[in-house]
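Enquirer: sequence and predicted structure, then a few things I'm wondering about:
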Amino acid sequence: MEYNREEFLEPIESALGRVQSLFDVYQNEKFERRSAEFFCLELCGEAGELANLQKKRWKGKAIDDAHIADEAADVLIALMNYANAAGVNLAEAVASKLERIERKRCELEERGEAY
């Protein structure tokens with residue numbers, strides 16, 4: 001499969017915004033309202049838990065794939081909650097960032113350098 005800008009960015013721009021919106025509805029209907037700062041700290045904690053599991057796996061300990069998946073899900077949920085509380089449109093932010101990454105990658109490629 002070859003990289004195609006439109007095929008890559010279209011689902012991000014169309015679906016991610018919808019997913020983020022649905023997370024916001026769920027969070028606001030079912031849980032206590034919290035600040036962006038709370039969710040930022042929660043995100044850091046969840047990412048740390050995921051990183052700790054990965055570090056243990058890297059050291060050779062048997063870490064169940066389901067445990068990794070569970071922590072990865074926690075990270076995504078915390079990110080969605082943070083973005084919603086902070087007013088960040090992830091679809092726009094991710095598409096914009098990927099565009100900048102691709103421009104930089106192309107510039108480096110033209111110079112024979114890796115990104």
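Expert: Nice, thanks for sending it over.

Enquirer: ok, the most centrally placed residue in the chain to residue 105 distance?
Expert: For the chain, the residue nearest the mean C-alpha position is residue 76 (5.7 Å; C-alpha atoms, centre = their mean). In this structure, residue 76 and residue 105 are 25 Å apart, going by C-beta to C-beta, to the nearest Å. In this view, the C-beta of every residue, glycine as well, is placed from N, C-alpha and C.

Enquirer: and if you look at residue 63?
Expert: Look at residue 63 and residue 105: by C-beta to C-beta, they are 32 Å apart.

Enquirer: between those two, which one's more packed in?
Expert: Set side by side, residue 63 and residue 105 show more neighbours around residue 63, with 17 against 13, by other C-beta atoms under 10 Å.

Enquirer: lowest-pLDDT helix or strand in this structure?
Expert: Using mean pLDDT, DSSP states H and E, helix 5-11 stands out as the lowest-scoring helix or strand of the chain, at a mean of 85.

Enquirer: residues making contact with the very next helix or strand once past that helix?
Expert: Once the chain leaves helix 5-11, the next helix or strand it forms, by DSSP states H and E, is helix 17-30. Residues outside helix 17-30 that contact it (C-beta atoms under 8 Å, 6 or more residues apart in numbering): 77, 80-81, 83-84, 89-92.

Enquirer: switch the cut-off to 7 Å
Expert: For helix 17-30, the external contacting residues (C-beta atoms under 7 Å, 6 or more residues apart in numbering) are 80-81, 83-84, 89-91.

Enquirer: give the rounded mean pLDDT of stretch 45-52.
Expert: The average of the pLDDT scores along stretch 45-52 is 98.

Enquirer: I meant stretch 68-88, not that one.
Expert: Average pLDDT, stretch 68-88: 98.

Enquirer: what comes up buried for it?
Expert: For stretch 68-88, a neighbour-count test (16 or more other C-beta atoms under 10 Å) marks 71-72, 74-75, 77-85, 88 as buried.

Enquirer: from those residues, which is closest to residue 58?
Expert: Comparing the buried residues of stretch 68-88 against residue 58 with C-beta to C-beta places residue 71 closest, at 14.7 Å.

Enquirer: excluding chain neighbours, what is closest to that closest one?
Expert: Here the nearest residue to residue 71 in space, its sequence neighbours aside, is residue 50; by C-beta to C-beta, 6 or more residues apart in numbering that works out to 4.1 Å.
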